[in-house]
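Undergrad: sequence and computational prediction follow.
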Amino acid sequence: MLETMNKQEIRIGIVGNVDVGKTSLISVLTNNLLDNGRGSARTLVMKHPHEKISGRTSSITLNFMRTYFNSIEELNDKDNKQFYDYDNDKKTANIKHKINENKNNTSAEGYKNEKVINLIDLAGHEKYLKTTIRGINGCLVDYVCVLVGANSGVQRMTKEHLGVVFGLNIPIIIVITKIDMAPKNILKETMQSVKKIFHKRNMKTMNMNDAIDIKIMKDLYKSGNYKSIIPIFKLSSVSGEGLPNFKQYIFNLNPYKKYELKVKQSPHFIIESTYQLRGIGIIVSGTMKDGIVNRGDILKLGPYKGEFINVVIKTIHNNFKEDVNELRAGEGGCFAIKMASNNNKIEFRRTLIKKGMRIMKHIKFFYEFDAEVLILHHPTSIRENYQPTIHCGTITQTAKICHMDQDIMRTGDRSTIKFRFMHRPEYIEKNNYLIFREGQTKGIGRIVNVY
C-alpha cells in the first residue's frame, strides 16, 4: 500500500493534424527511447490493432510519466528528466536509460513530493473530430499541446483544434515536430505561419531554446498569466533534438486547474472506461473532479437505468496499478465497485455503465439549461427547434433550442439560448464551457443556468 504524499497530476492533451507524430512523441517521452523514423515507437502505446496498421489514432489514450522529489531544484536536476544527451555536432541523441529501466517506477522512499504527467493522445483525422473534442473538453486537461509538422506546416485541422482550444480557454503549448526532415527554409515558413495565427489574436509567442526560457514561462505561470505568451518548441522524435528541453518544461508545469479547494468539496468521480475481471468484478476508471473517495465509501452511480444506485468502493488503484487508500481531486485512477445491498432488485452489469457517468455523494441530473452562446460559423441562420450536438465535458448529446433572445442567429451573433436534451438527462454545472456542432455549424458557449 502506497503512503500518501504531496501529489500533483498534470493533464496535457496532445492534438494536431494527422501524421505530425503525436503518438510517436508520447511514446518517446514515456518509454525513454527514440523512434526509428518509421513508427517503431508509436506501436508501443497504440490501443487498437487497426491503429497500429494504419498508424493513425482513433481513440482517446492516456499515458503517464512520474517522478519523486523534495524540492523544485532537485526536480530540475534529476537525471531521469534529461534522459537524452543531445550532441549538437553529430545531430544525434544518446539514450541514458534503456526502455523498461527507470520507467515510471522511481522509488518513492525518502521523497515528499510526487509529480505525474498524464499525456492524453487524441485523434488528428477529421472523421474523429468528435472524439478529439470530447477528449479536450472531457478529460479535465490543464494544457493542450498542439503539434505542427515542420515539413507540412499549419493544416486545416490544426486551425480546427486551435479554435476548440481558444473557445474552451485552455493554455496552449506549440510543438514543431519532425525538424530533422524539414529544410531550413520550410521550417522558417512553418514557424512564421504558426506565429501569424497568434499575432492576429494579439498574443505573443516565445521560442523555447534553453532553461532560461523555461524559467521565464514558469514565472509567468506562477503569476497566473497562462495565456499571454505561447511557448513554441522545436524537436525531433528520431534524432532527439529538443526533447530534453521539452521534457524538463512539462515536468516544471503546475496544474492549471486549482484543486486545493476542490478537495474539500463533495466526492465527484467522472467515469472514462469500464472493465470486468474474473474474481474482482466491475472496475471503472476515470478522474476525480472534486473531493476525496476512500476505500469502503458508499456513493451513488448514475444515471443507471434512469436511476441513481448505491455502490461500494471495494478497492482503489492509481494510474500505475498500485493499491492506494484514496483518490483526491485532480487524480486519476480506478475503483473496483459492487452494488450496495439495498439495490439488490436491480441487475448490475458493466455494459450499462457508460462513459461520462458519475460516482458522487449527492447527484442530480438535468434536462434543460441556459447558455450564453457565440456562433462561430453557420451557412444560413439558426432558429428555435434547431438541434445541434452538444459537447460539454464528457457529455455528447443532441439538444433542441427551446428559446432564444432573438428570432434568428447567424455567424458572429451572440445570444442566451435555452436548450433541452433530446434523449436523457445529464449532469451539468453552471459555468461549464460547451461546444456545439452540426454539419458546418460551430458554436461555443458557457452554461449560466440548469433546470
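TA: Sure, I can see it. Numbers count the residues shown, from 1 in each chain.

Undergrad: continuing past the longest helix along the chain, what's the next helix or strand?
TA: The single longest helix within the chain, with elements called by DSSP state H, is helix 184-199. Using DSSP states H and E, the helix or strand that follows helix 184-199 towards the C-terminus is strand 204-207.

Undergrad: which elements pack onto that next one?
TA: Secondary-structure packing of strand 204-207 (3 or more C-beta pairs under 8 Å, 6 or more residues apart in numbering; DSSP states H and E): helix 184-199, helix 211-222, strand 229-234. Placement of C-beta: from N, CA and C, glycine included.

Undergrad: same thing but at 6 Å, please
TA: Under the contact criterion of 3 or more C-beta pairs under 6 Å, 6 or more residues apart in numbering; DSSP states H and E, strand 204-207 touches strand 229-234.

Undergrad: just checking, what packs against the strand it packs on?
TA: When contacts are defined as 3+ C-beta pairs under 6 Å, 6+ apart, strand 229-234 packs onto strand 172-177, strand 204-207.

Undergrad: ok, for residue 393, nearest residue in space, not its chain neighbours?
TA: Spatially, and ignoring its direct neighbours in sequence, residue 393 is nearest to residue 138 (4.8 Å; C-beta to C-beta, 6 or more residues apart in numbering).

Undergrad: close enough to count as contact, the one you found and residue 396?
TA: No: look at residue 138 against residue 396 with C-beta atoms under 6 Å: they stay out of range, at 8.5 Å.

Undergrad: residue 330: which of the helices and strands packed on strand 229-234 is closest?
TA: strand 172-177 (19.4 Å; C-beta to C-beta).

Undergrad: surely residue 131 touches residue 125?
TA: No: here residue 131 lies out of contact with residue 125, judged by C-beta under 6 Å, at a distance of 9.5 Å.

Undergrad: ok, back up a step: can you put the helices and strands packed on strand 229-234 in a markdown table and add mean neighbour count, mean pLDDT and distance to residue 337?
TA: Below are the helices and strands packed on strand 229-234 laid out as a markdown table (neighbours: other C-beta atoms under 10 Å; pLDDT from 0 to 100; distance: least, C-beta to C-beta, whole Å):
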| stretch | mean neighbour count | mean pLDDT | distance to residue 337 |
| --- | --- | --- | --- |
| strand 172-177 | 24 | 97 | 36 |
| strand 204-207 | 14 | 94 | 46 |
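
Undergrad: how about the ones you listed, which one is nearest residue 327?
TA: The nearest among those, by C-beta to C-beta, is strand 172-177 at 26.8 Å.

Undergrad: phi, psi for residue 130 please.
TA: Torsion angles at residue 130 (phi, psi; degrees, to the nearest 10) stand at phi -60, psi -40.

Undergrad: pLDDT value on it, please?
TA: At residue 130, the pLDDT value in this model is 83.

Undergrad: ok, and the closest non-adjacent residue to it?
TA: Distances taken as C-beta to C-beta, 6+ apart place residue 396 nearest to residue 130, at 6.7 Å, with adjacent residues excluded.

Undergrad: need the helix or strand of this protein with the lowest average pLDDT.
TA: Every helix and strand of the chain was ranked by mean pLDDT, DSSP states H and E. The lowest is strand 84-87, at a mean of 48.

Undergrad: could you list the domains of the chain?
TA: 6-251, 262-360, 368-450 (automatic domain parsing).

Undergrad: next, the distance between the ends of the second one.
TA: Taking C-alpha to C-alpha, to the nearest Å as the measure, domain 262-360 stretches 14 Å from start to finish.

Undergrad: repeat for stretch 348-359
TA: Start and end residues of stretch 348-359 are separated by 15 Å (C-alpha to C-alpha).

Undergrad: and for stretch 282-298?
TA: Start-to-end span of stretch 282-298 (C-alpha to C-alpha) is 15 Å.

Undergrad: hmm, who's touching it?
TA: For stretch 282-298, contacts defined as C-beta atoms under 6 Å, 6 or more residues apart in numbering pick out 140, 262, 265-276, 310, 312-313, 316, 325-329, 331-332, 334-337, 340, 350.

Undergrad: tell me which residues of that stretch come out buried.
TA: Applying a neighbour-count criterion of 16 or more other C-beta atoms under 10 Å, one finds 282-293, 295, 297 buried in stretch 282-298.

Undergrad: max pairwise distance over the residues you listed: which two?
TA: Maximum pairwise distance among the buried residues of stretch 282-298 (C-beta to C-beta): 22.6 Å, between 282 and 290.

Undergrad: what is the neighbour count of the residue nearest to residue 238 when sequence neighbours are not counted?
TA: For residue 238, ignoring the flanking residues on the chain, the nearest one in space by C-beta to C-beta, 6+ apart is residue 37 at 4.8 Å. As a burial measure, residue 37 scores 15 neighbours (other C-beta atoms under 10 Å).
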